[in-house]
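Q: okay, structure incoming, though there's no sequence with it:
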């Protein structure tokens, strides 16, 4: 009788490796989400992209640094931090200094998840309930992705979504609950998820970055082109020009997504307390929310 031990060992090893592959995180540097983006009460059309640009350690955990192309009504900073641990997706709450749950991929059908909502300009509640209505396999590019049909319940709002394992929500990477108060930009559906080694997962018929031109849309790069920060690099005072309306408030972040400066009604900002480096500023007017980057010498 043949010794079956080597064969059994190989089968066990294959099973382990297969399970590891199926449960691996997709959160690698270079991974990128592309969303359709729309403006409140407008025919404006564009795309928004979120890309993993680096690794970081926060509270002893190995997390990822992400960069958003545009600031939107989810009120998350353009430079942000996410974490996948124990098959759960988290975002970093810059106010509390703790990670908050976005979704638990271990959830089963009929489970109810309680998700904390970060404090923002538009938040009207502290938590949202996510009910997992069903779980199915979504076929994309010949690959099977575990998908969750869910319903969000919070502050009188009820709306459906699909969440993809290791990729996130088909509507917006981070849960949005703002009660309709924001008159800025919204992500409106996942077009593509691109991974440096796994390839591109497309969820639309068009190209990932296609924008329908109806005569009112403008190119993404034109949106911020008229806004000038000078001098850039800056030494002590940063001048802001080109906005259509006065600044109501501004927030300055470092590359780790930490808030360093906040203010209101200023077109000149004192930057003397900032250390040399790269910074991101989010400026809000009564009709615009603009994000720009600058360098401090």
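A: Nice, I can see it. Nothing here was measured: the structure is a model prediction, and the numbers come from that model. Residues are numbered from 1 along each chain as shown.

Q: just name the shakiest helix or strand of the protein by mean pLDDT.
A: helix 5-23 (a mean of 38; mean pLDDT, DSSP states H and E).

Q: contacts for the next helix or strand after that one?
A: Remark: after helix 5-23, the chain's next helix or strand is strand 32-39, criterion DSSP states H and E. Strand 32-39 has contacts (C-beta atoms under 8 Å, 6 or more residues apart in numbering) with 44-52, 70, 72, 167-168, 172-173, 184-194, 208-209. (Glycine included, C-beta is placed from N, CA and C.)

Q: all strands of the stretch 101-250 of the chain, in order?
A: 112-116, 127-140, 143-154, 157-164, 168-169, 185-195, 199-202, 228-230, 237-241, 249-254 (DSSP state E, counting those that start in this stretch).

Q: and the third one, what's buried?
A: Put plainly, it is strand 143-154. 145-148, 150, 152, 154 (16 or more other C-beta atoms under 10 Å).

Q: ok, now the first one?
A: Of the residues in strand 112-116, those scored as buried under the neighbour-count criterion (16+ other C-beta under 10 Å) are 113, 115-116.

Q: got TSV for those residues, with pLDDT and distance to residue 129 too?
A: TSV is the format used below for the buried residues of strand 112-116 (pLDDT from 0 to 100; distance: C-beta to C-beta, whole Å):
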residue	pLDDT	distance to residue 129
113	94	7
115	86	8
116	79	11
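
Q: nearest to residue 280, out of the residues you listed: which one, please.
A: Nearest to residue 280, judged by C-beta to C-beta, of the buried residues of strand 112-116 is residue 116 at 24.5 Å.

Q: any low-confidence regions in this structure?
A: Low-confidence segments of the chain, defined by pLDDT under 70: 1-24, 41-44, 118-125, 155-156, 175-183, 211-225, 255-258, 265, 286-289.

Q: so who does the nearest residue to residue 172 once chain neighbours are set aside touch?
A: Excluding its sequence neighbours, the residue lying closest to residue 172 (C-beta to C-beta, 6 or more residues apart in numbering) is residue 187, at 4.4 Å. Under the criterion of C-beta under 8 Å, 6+ apart, the contact list for residue 187 reads 35-37, 48, 72, 74, 171-173, 176.

Q: again, 7 Å this time
A: 35, 37, 48, 72, 171-172 (C-beta atoms under 7 Å, 6 or more residues apart in numbering).

Q: who wins for neighbours among those residues?
A: residue 35 (27 neighbours; other C-beta atoms under 10 Å).

Q: am I right that residue 243 is in contact with residue 284?
A: No. Between residue 243 and residue 284 there is no contact under C-beta atoms under 7 Å: 10.0 Å.

Q: burial measure for residue 196, as a count.
A: Residues near residue 196, counting by other C-beta under 10 Å, number 12.

Q: ok, for it, nearest residue in space, not its chain neighbours?
A: residue 30 (3.9 Å).
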